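# What would the 3D arrangement of this be:
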Amino acid sequence: MASQDELKQAVAKKAAEYVKGGIIGVGTGSTANFFIEELAKVKSKIDGAVASSEATAQRLRNHGIEVLDLNDVSPGDLEIYVDGADEITEHMHMLKGGGGALTREKIVAAVAQKFICICDQTKLVPVLGKFPLPVEVLPMARSHVARELVKLGGQPKLRDFTTDNGNLILDVHGLTILNPVEMEAQINQIVGVVTNGLFAARPANVLLLATDDGVKTITKS
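Alright, predicted model coming up:
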């Protein structure tokens, strides 16, 4: 049986095959870090990268990859966005934000032509919600948002963490998310919420799933 690191490395290598040129969006987290290693090997092909967190930006620069501000990238130039997920369904709806970079990840994903999700077989689930749902909130709205999340059936817990945007994260436990598109919109409408970790309105286009039998490619129907 392959180790977690071996699975992450295999799926990162597969993702690198999608790098044809242009500008690449890069996610945050351990699997995305393996992708950065692979991206460094083909950096002569690309025009630069957009990072979804300060940590990713620093890692890209350490590999000699130019990091671009998303505001300076023309629409259509961001070819692909590659990132992991904490959970993903066969419908390509994801739950993300375990690393705390959900807002910037969601912004880069919104601009990218194609979203490629890279993860191992343990992340593929029938229903989202076993992993706590991260919600980024403005500090002054923390208590208000928490009360509203309780009304939705969740049990929010404050994470000991400050985002790159200077905000807080409430991790919502106990949710069974049967309609992720609807819940994503509903939570985002709570005053004081920056965004939440449901990536359903903009799902993945391609899932590269690392299994003990190799990397499986699943595309959105």
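
# Residue ranges in the protein under the pLDDT threshold?
Low-confidence segments of the chain, defined by pLDDT under 70: 221.

# Mind jotting down where the strands sit in it?
Assigned strands in the chain, in chain order: 23-26, 48-51, 78-83, 87-88, 94-95, 114-120, 133-137, 155-158, 168-173, 193-196, 198-199, 206-211, 214-219 (criterion: DSSP state E).

# Tell me which of these sits nearest to Pro180.
Among these, strand 198-199 comes nearest to Pro180, with 5.1 Å by Cβ to Cβ. Using the backbone N, CA and C atoms, a C-beta is placed for each residue, glycine as well.

# re earlier: redo the strands of the chain as TSV? Include distance to Leu149 and mean neighbour count.
TSV is the format used below for the strands of the chain (distance: least, Cβ to Cβ, whole Å; neighbours: other Cβ atoms under 10 Å):
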stretch	distance to Leu149	mean neighbour count
strand 23-26	29	27
strand 48-51	29	24
strand 78-83	24	24
strand 87-88	18	24
strand 94-95	15	29
strand 114-120	25	24
strand 133-137	7	28
strand 155-158	5	16
strand 168-173	5	22
strand 193-196	9	23
strand 198-199	13	30
strand 206-211	28	22
strand 214-219	31	13
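
# ok, now which ones touch the residue lying closest to Pro132 once chain neighbours are set aside?
Distance criterion Cβ to Cβ, 6 or more residues apart in numbering; nearest residue to Pro132, sequence neighbours excluded, is Asp171 at 3.9 Å. Residues in contact with Asp171 (Cβ atoms under 8 Å, 6 or more residues apart in numbering) are Pro132, Leu133, Pro134, Val135, Pro156, Lys157, Leu158, Arg159.

# Okay, and the beta partners of Asp171?
With DSSP bridges as the criterion, Asp171 is bridged to Pro134, Lys157.

# measure it to Lys220 for me?
From Asp171 across to Lys220, the span is 27 Å (Cβ to Cβ, to the nearest Å).

# for Pro75, same thing?
Counting by Cβ to Cβ, the gap from Pro75 to Lys220 is 21 Å.

# Which one of the two is surrounded by more residues?
Neighbours per residue (other Cβ atoms under 10 Å) separate Pro75 from Lys220, with Lys220 holding more: 12 against 7.

# just to revisit the earlier point, reformat the strands of the chain as TSV; add distance to Arg61.
As requested, the strands of the chain are arranged in TSV below (distance: least, Cβ to Cβ, whole Å):
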stretch	distance to Arg61
strand 23-26	12
strand 48-51	9
strand 78-83	17
strand 87-88	29
strand 94-95	27
strand 114-120	21
strand 133-137	25
strand 155-158	32
strand 168-173	25
strand 193-196	26
strand 198-199	26
strand 206-211	25
strand 214-219	28
